[in-house]
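Chemist: one predicted model, sequence on top.
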Amino acid sequence: MALGMLDRTPPPFFRQGPSALTRLMFFSALALFLMVADTRFKLTQPLRAVMATVLHPVERVLRAPVDAWQSGAQYLQGLESAQEAEAKARQLLSAQAARSTRVEQLMQENLRLRSLLDLRPALKVRSQAAEILYDAPDPYSRKVIIDRGTRHGVAVASPVINEAGVLGQVTRVYPYSAEVTLLTDKEAAIPVLNNRTQARSAAFGNPGGAGLELRFMANNADVQVGDELATSGVDGIYPAGVPVAKVVSVDRRTDSGFARIALAPLAQPDSVRHVLVLEPVGTQMPPKPAAEPPSAPASARKGGRK
């Protein structure tokens with residue numbers, strides 16, 4: 001064999017090149033440079049867009065079995081939830097039907113008893129739906145604006161309620177809107193009746209705006225935590241029996257003759273969107289008798305007769 005045909009290249013073991021540390025530093029610097037350049041100049045954004053467009057059909061095809069499995073599981077879960085909801089709805093409908101029948105019977109019995117006792121018929125409160133537009137601009141009060149006014153028949157002192165209970169009372173009316181003072185306002189007050197003891201009292205808005213309080217109740221008054229209060233109906237504004245608040249704490253202080261009773265309103269105004277505006281009960285009541293003039297003293301009558 002000729003000497004020119006011999007492979008004179010060194011074996012791989014003896015080949016010399018950049019060291020591992022040098023290559024690490026080079027590629028690290030290159031990667032850092034590319035990241036900075038991509039972040040600042042968006043160099044790879046077109047490449048990413050092209051790759052995403054090309055790979056999108058492939059991703060959809062590969063994800064099809066996963067989507068089919070998830071859709072099937074969601075369908076089965078939804079079907080089971082729908083069946084459970086239907087069963088609960090049927091039970092609730094049956095209970096509501098029975099309750100409606102009992103309410104109708106009680107209403108007929110009430111009418112018969114009232115006619116037997118020659119009492120005037122119960123008041124029928126007219127109402128209309130309204131929507132809360134926004135809070136009043138006064139940051140020191142608890143008031144909201146509704147989208148009903150004098151053009152819709154809303155009057156001052158009209159009660160405002162929702163499905164949970166009393167929200168407040170209309171205190172100012174405009175042609176197409178009205179201002180409602182909430183029960184939690186510091187200047188609000190409402191006569192209430194304890195459903196457990198049937199004792200009447202008055203609930204006032206808390207100055208802090210966080211709830212209500214029952215004022216002027218003696219330390220030994222029969223009030224317990226959990227008692228529910230409703231409107232008493234003696235003020236000529238609110239109809240009787242509408243839920244108002246629930247007793248959350250009773251502080252029987254020894255340094256005062258009155259207890260400090262905190263209430264939580266049953267109707268939360270912060271989560272209410274639609275309300276009902278009622279007609280004040282006083283508009284359906286007979287007018288109050290005129291006050292009689294004070295009678296003259298006996299000595300004046302005797303002098304007049306002389």
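Modeler: Perfect, thanks for sending it. Keep in mind the model is a prediction, meaning the values are calculated, not measured.
Chemist: distance of residue 169 from residue 37?
Modeler: 67 Å (C-beta to C-beta, to the nearest Å). Backbone N, C-alpha and C define where each C-beta goes, glycine included.
Chemist: who's more crowded, the two?
Modeler: residue 169 (23 against 12; other C-beta atoms under 10 Å).
Chemist: and what about residue 270, helix, strand or coil?
Modeler: helix (DSSP: H, G, I helix; E, B strand; the rest coil).
Chemist: stretch 130-137: how far from the chain's middle?
Modeler: 14 Å (C-alpha atoms, centre = their mean, to the nearest Å).
Chemist: quick one: mean pLDDT for that stretch?
Modeler: Stretch 130-137 shows a mean pLDDT of 87.
Chemist: report the buried residues of that stretch.
Modeler: 130, 132, 136 (16 or more other C-beta atoms under 10 Å).
Chemist: just the strands in this protein please.
Modeler: For the chain, the strands defined by DSSP state E occupy 127-135, 143-146, 159-161, 166-173, 178-182, 189-194, 200-205, 212-214, 228-231, 243-251, 260-265, 274-278.
Chemist: closest to residue 50 out of those?
Modeler: strand 127-135 (49.3 Å; C-beta to C-beta).
Chemist: direction included, what does the closest one pair against?
Modeler: Paired with strand 127-135 in the same sheet, following DSSP bridges, are strand 143-146 (antiparallel), strand 274-278 (antiparallel).
Chemist: hmm, who's touching it?
Modeler: 143-148, 152-154, 160, 177-178, 180, 272-279 (C-beta atoms under 8 Å, 6 or more residues apart in numbering).
Chemist: so, low pLDDT: which residues of this structure?
Modeler: 1-17, 114, 116-123, 208-209, 284-306 (pLDDT under 70).
Chemist: give me the domain ranges for it.
Modeler: Following automatic domain parsing, one finds the domains of the chain at 22-122, 127-284.
Chemist: any idea which of those is most buried?
Modeler: domain 127-284 (a mean of 17; mean count of other C-beta atoms under 10 Å).
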